[in-house]
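1. Predicted model and sequence follow; I will ask about them next.
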Amino acid sequence: MGSIINKVQGLLQSRAGRFLTKELLAYLGPAFLVTVGFIDPGNWATNIAAGSEFGYRLLWVITLSTLMLVLMQGMSARIGIITGRSLAANVRAHFHPLASGVLGATIVAACIATDLAEYLGAAIGFQILFGIPLYIGAPLTVAVVFISILGQRYQKLERMIVGFLAIIAACYFIELFIVKPEWASIPYHAVVPSVDSKSILVALGMLGAVVMPHNIYLHSNVIQSRHWGDTEDETRKRLKFQMTDTILAMGTGWVVNSSMIIVAASVFYRHGVEVSSIEQAAHTLKPIAGNAAHLLFGIALLFAGIGSSITSSLSEANVICNFLGKPEDPHTLTYRLGLILTSLPAMAVIVAGVDTYKALIISQVALSLQLPFTIIPLLLVARSRKIMGGYASSKTESFLAGAAGALVIGLNAFLLYQLFFA
């Protein structure tokens, strides 16, 4: 009799485990969509520069930045779950109208700057693979983005972006075996900090470029696509699933970003070639590592550029509609005008033939200037018991997030000083 009871209990536990796993798998997705912004063309440029100049020594920066992202993106997602509103909608609801207006204007400006880097990356991908000029590749990217966002439901769009992320990861996974890195050296450099007077600026640039303002706003919005009820137990389950989603997604971003440095180190650093731009990396990769590595690089860059362009545009639509108090509906004029108006400046800069390296620098400067206007509202909303109730950030979490935010803001300020005044 006892053995029968044990078998029945084992069967029930097995079914419960399968059900829980099925629930979790159904929940995964929002953070993976956000992660595409973690491997956008701006990060490509800094990672390639780091690997080509310093080998594996700055891999630890990717590890540290990923931990910071898990903390901040997790806070953003929790705001969306508990309040049922995006960060933008919470700012509009709880901040003074003047403060809300200023914050809204700065994040829209940051989204425009983000578009510049994302469209540029996709356009370079088109150029590498098909020989299409940048002034044609940029409008082509915009067309793909608009069709993707306006032509299908969010769930299909999310699956498409996750597919893009899988393609990017697969390309770099294959490249790792093509370039044959020194595997024994990688784990050490991934966790042990190593920096000197020559590498400090590159390390600071990598850390400062990781926290993307539009991603923080976006995560609080897309997490609401997973809504299964408002009971205490359901809310706690959603929070656990959200954190699992965030850790797995940011972990995927950590793998891809680390792979970029490893490939650059194994190809360029090993051969004494310093690379400072994406185009230079693509042109130099072919004669050193072969046609396959060059092709995989182009494919990964194209999907990274298109994927991050889509998520950037989703964020733009969210912040514009929510800060204006309008419904976030792709069929409305506000939504569509928001997409068009924010994409025009970036496309105009690329079509005008502005130097791509300077364009990326300009976009990163704009993001650096805006970052405090995103991190501070995030921390204020997340720690507010009036807004978050019993799910407000603990003192420890608030301290860690505040320290991470202060570090990123300080690094960006230092880099801006070095760029313009040193």
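-> Right, received. Where do you want to start? Predicted, not measured: the structure shown is a model, and the values here were computed from it.

2. tell me the SS of residue 323?
-> helix (DSSP: H, G, I helix; E, B strand; the rest coil).

3. And the strands in the stretch 251-400 of the chain?
-> Counting by DSSP state E, counting those that start in this stretch, the stretch 251-400 of the chain has no strands to list.

4. just checking, next helix/strand downstream of the one helix or strand residue 31 maps to?
-> Using DSSP states H and E, residue 31 sits in helix 30-35. Downstream of helix 30-35, the next assigned helix or strand under DSSP H and E is helix 41-54.

5. Output the contacting helices and strands for that next one.
-> On a contact count with 3 or more C-beta pairs under 8 Å, 6 or more residues apart in numbering; DSSP states H and E, helix 41-54 meets helix 97-130, helix 200-208, helix 232-264, helix 278-289, helix 291-324, helix 356-370. Yep, even glycine has a C-beta here, placed from its N, CA and C like the rest.

6. let's see 6 Å
-> Contact partners of helix 41-54 among helices and strands, from 3 or more C-beta pairs under 6 Å, 6 or more residues apart in numbering; DSSP states H and E: helix 97-130, helix 200-208, helix 232-264, helix 278-289.

7. related to what we said a few turns ago, can you tell me what sits against the helix holding residue 31?
-> 158, 161-162, 165, 215, 218-219, 222-223, 245-246, 249, 252-253, 311 (C-beta atoms under 6 Å, 6 or more residues apart in numbering).

8. now swap in stretch 306-314 and tell me
-> Contacts for stretch 306-314 (C-beta under 6 Å, 6+ apart): 33, 36-37, 40, 114-115, 118-119, 122, 141, 144-145, 148-149, 161, 164, 214, 339.

9. 7 Å instead?
-> 33-34, 36-37, 40, 111, 114-115, 118-119, 122, 141, 144-145, 148-149, 161, 164-165, 214, 218, 339 (C-beta atoms under 7 Å, 6 or more residues apart in numbering).

10. Just the C-alpha atoms of that stretch, please, in CSV.
-> Coordinates of each C-alpha in stretch 306-314 appear next as CSV, following Å, rounded to 0.1, in the frame of the first residue of the first chain:
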residue,chain,number,x,y,z
ILE,A,306,17.0,44.9,-37.5
GLY,A,307,16.1,43.3,-34.2
SER,A,308,17.3,46.2,-32.1
SER,A,309,15.7,48.7,-34.5
ILE,A,310,12.4,47.0,-34.0
THR,A,311,12.7,47.0,-30.2
SER,A,312,13.8,50.6,-30.2
SER,A,313,10.8,51.6,-32.3
LEU,A,314,8.5,49.6,-29.9
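
11. before we move on, the earlier item: of the contacts of helix 30-35, closest to residue 389?
-> Looking at the contacts of helix 30-35 and their distance to residue 389, the nearest is residue 223, at 17.2 Å (C-beta to C-beta).

12. ok, the closest one - contacts?
-> 30, 77, 80-81, 242.

13. For stretch 221-239, output the C-alpha coordinates as CSV.
-> What follows is stretch 221-239, C-alpha atoms only, in CSV (Å, rounded to 0.1, in the frame of the first residue of the first chain):
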residue,chain,number,x,y,z
ASN,A,221,5.8,47.6,-21.0
VAL,A,222,6.3,44.3,-22.8
ILE,A,223,6.2,42.3,-19.5
GLN,A,224,2.4,43.1,-19.4
SER,A,225,1.9,40.7,-22.3
ARG,A,226,2.0,38.0,-19.6
HIS,A,227,-1.0,38.6,-17.4
TRP,A,228,-2.6,35.6,-15.6
GLY,A,229,-4.5,37.1,-12.7
ASP,A,230,-4.1,39.4,-9.7
THR,A,231,-4.2,37.1,-6.7
GLU,A,232,-1.2,37.2,-4.3
ASP,A,233,0.0,33.8,-5.4
GLU,A,234,-0.3,34.5,-9.1
THR,A,235,1.6,37.8,-8.6
ARG,A,236,4.4,36.1,-6.7
LYS,A,237,4.6,33.4,-9.4
ARG,A,238,4.8,36.0,-12.1
LEU,A,239,7.6,37.8,-10.3
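
14. Quick check: buried residues in that stretch?
-> Residues 221-223, 226, 235, 237-239 are the ones in stretch 221-239 that count as buried (16 or more other C-beta atoms under 10 Å).

15. Buried among the contacts of stretch 306-314? Make that a PyMOL selection.
-> Filtering the contacts of stretch 306-314 down to the buried ones (16+ other C-beta under 10 Å) takes a single PyMOL command:
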select buried, resi 33+34+36+37+40+111+114+115+118+119+122+141+144+145+148+149+161+164+165+214+218+339
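
16. which residues touch stretch 64-79?
-> So stretch 64-79 is in contact with 31, 34, 38, 87, 90, 206-207, 210-211, 215-216, 219-220, 223, 239, 242-243, 246-247, 250, 253-254, 378, 381-382, 391, 393, 400-401, 404, going by C-beta under 7 Å, 6+ apart.

17. likewise stretch 378-391?
-> 72, 75-76, 78-79, 82-83, 87, 90, 94, 216, 392-393, 398, 401-402, 405.

18. who wins for proximity to residue 334 among the helices and strands packed on helix 41-54?
-> Taking those one by one with C-beta to C-beta, helix 97-130 is closest: 12.7 Å.

19. Next secondary structure after that closest one?
-> Taking DSSP H and E, what comes next after helix 97-130 is helix 134-150.

20. Determine the set of other helices and strands touching that following helix.
-> When contacts are defined as 3 or more C-beta pairs under 7 Å, 6 or more residues apart in numbering; DSSP states H and E, helix 134-150 packs onto helix 97-130, helix 154-179, helix 291-324, helix 333-351.
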